[in-house]
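In: Prediction below, plus the sequence it came from.
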Amino acid sequence: ALRTLVHIDDPDHRVIRAIGADWFRPKAMRELQPRVRELARRYVDRMAILGDSCDFVQQVAVHYPLYVILSLLGLPETDFDRMLKLTQELFGGDDSEMRRGETPEELLQVLTEFFAYFQDLTKSRRANPTDDLASAIANAKVDGEPLNDLDITSYYVIVATAGHDTTSSTVSGGLHALIENPDQLRRLRDDPSLMPLAVDEMIRWVTPVKEFMRTATQDYELRGVTIREGESVLLSYPSANRDEEVFDDPFRFDVGRDPNKHLAFGFGVHYCLGAALARMEVGAFFEELLPRLESIELDGAPESTATTFVGGLKRLPIHYELRG
């Protein structure tokens, strides 16, 4: 039902990926940084407004990156909650609490709503182009022709969903890891220069994208196993990111891990388009939170989303004390 950048290979992949690439290059990230910082501060302030306890996932983490990516697309804030619900239903098909109904037809309704929403958005941006990513996608042409309905809606869906769900999982899973490893929390607070390394360690630790399926284009032997041309291959990212041959003590959370050759953003031509933005968002949030954090602990049992594809924590009850 979708044909996103995840699903396609060259030559189509290269051409379609280029449509949004400029919005995630270093220059664009520098221009976006003040907005990301402002939103990070807003959601740390929200924690203070909530008092001394909250469900960090539901009340903070799912909203912060959602505002970032949907602001980049240029969607109105009145539509943000709708996008969040549709994203959770799309990725939550294995979770009885998150999915919409029990049948394939009910899941298809989620995609139908995405299509209807983004088709209306395309018409609007073609009639009245604006300076945002949605307008760039709506008015893109390949070989002189506009994208077809499937490709254009798929592009919107991958940006609007993966662009925030994976980052919110990293922020909440990263905070959980810091709570569970207070020595690492102290280390990061005492040495803020470790933040870039800490961000990559949170991404490795959480690995919000669990797997992709790929098809072998030729016979290939891997550690004594022959993969035949045309066979499907499971890429298990949590396994790769805890590979004892690559990482020293891979089951230890280490905010100073260096090198950190994790594969959470994929590899090669399918490397995540928004990797730099995700790193910026995670770093900005903890740079705002940690200087104000007096204490923090769990206030109940965390719960994870049941998933075989994309996901992380769906609840993280915490008790904390913030200054300011």
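Out: Alright, I've got the coordinates. Numbers count the residues shown, from 1 in each chain.

In: Run through who's touching the helix or strand bottoming out on mean pLDDT in the chain.
Out: For the chain, the helix or strand with the lowest mean confidence is helix 80-91, at a mean of 85 (criterion: mean pLDDT, DSSP states H and E). When contacts are defined by CB atoms under 8 Å, 6 or more residues apart in numbering, helix 80-91 is touched by residues 62-63, 66-67, 70, 75, 98-100, 107, 110-111, 113-114, 117, 157, 160-161, 164-165, 305, 307, 309-311. Bear in mind the C-beta positions are built from the backbone N, C-alpha and C, glycine included.

In: Check stretch 261-270 too.
Out: Under CB under 8 Å, 6+ apart, the answer for stretch 261-270 is 5-6, 9-10, 13-14, 17, 200, 203-204, 206-209, 212, 237, 240-241, 246-247, 271-272, 275, 278.

In: Could you do stretch 244-254 as well?
Out: 177, 180-181, 184, 201, 204-205, 240-243, 257, 260-261.

In: filter these to the buried ones?
Out: Among the contacts of stretch 244-254, those classed as buried by 16 or more other CB atoms under 10 Å are 177, 181, 184, 201, 204-205, 240-242, 257, 260.

In: circling back: what are the buried residues along the least confident helix or strand of the chain?
Out: 80, 83-84, 86-91.

In: For the lengthiest helix in the chain, buried residues please.
Out: The longest helix of the chain (DSSP state H) is helix 149-180. For helix 149-180, the neighbour count (16+ other CB under 10 Å) marks 151-179 as buried.

In: Can you tell me how far A160 is from L5?
Out: 13 Å (CB to CB, to the nearest Å).

In: Repeat that for M280.
Out: M280 sits 20 Å away from L5, going by CB to CB.

In: from the contacts of stretch 261-270, which would you call buried?
Out: 5-6, 17, 200, 203-204, 206-209, 237, 240-241, 247, 272, 278.

In: where's stretch 96-106 relative to the chain centroid, distance-wise?
Out: Centroid separation between stretch 96-106 and its chain, computed with CA atoms, centre = their mean, to the nearest Å, is 22 Å.

In: what do you get for stretch 260-279?
Out: Stretch 260-279 sits 10 Å away from the centroid of its parent chain (CA atoms, centre = their mean).

In: and L235, what element?
Out: Assigned by DSSP states H and E, L235 falls within strand 232-236.

In: Which pLDDT value belongs to the residue located most distally from the centre of the chain?
Out: Centroid-distance maximum for the chain: G224 at 34.6 Å, with CA atoms, centre = their mean. You'll see G224 listed with a pLDDT of 94.

In: for T307, same thing?
Out: For T307, the pLDDT comes out at 87.

In: Next, the contact list for it, please.
Out: With CB under 8 Å, 6+ apart, T307 has these contacts: 91-92, 94-95, 210.

In: On the three-state scheme, it is what?
Out: coil (DSSP: H, G, I helix; E, B strand; the rest coil).

In: and the gap between it and E89?
Out: 12 Å.

In: Next: R125.
Out: Distance, R125 to E89, using CB to CB: 25 Å.

In: do the same with S53
Out: Noted for S53: a distance of 28 Å to E89, by CB to CB.

In: At the geometric centre of the protein, which residue do we find?
Out: Most central in the chain (CA atoms, centre = their mean) works out to T166, at 2.2 Å.

In: measure that one to A275 for me?
Out: 10 Å.

In: before we move on, what about D22?
Out: On the measure of CB to CB, D22 and A275 end up 15 Å apart.

In: ok now do the closest residue to T215 other than its chain neighbours, which residues does it touch?
Out: Counting by CB to CB, 6 or more residues apart in numbering, T215 lies nearest to S232, which is 5.9 Å off, once chain neighbours are set aside. S232 sits next to 213-216 when contact means CB under 8 Å, 6+ apart.

In: pLDDT value on R242, please?
Out: Looking at R242, its pLDDT stands at 98.

In: Does it belong to a helix, a strand or coil?
Out: R242 ends up coil, using three-state DSSP.

In: Which residue is the nearest non-sequential neighbour of it?
Out: Among residues not flanking R242 along the chain, P250 sits closest, at 4.2 Å (CB to CB, 6+ apart).
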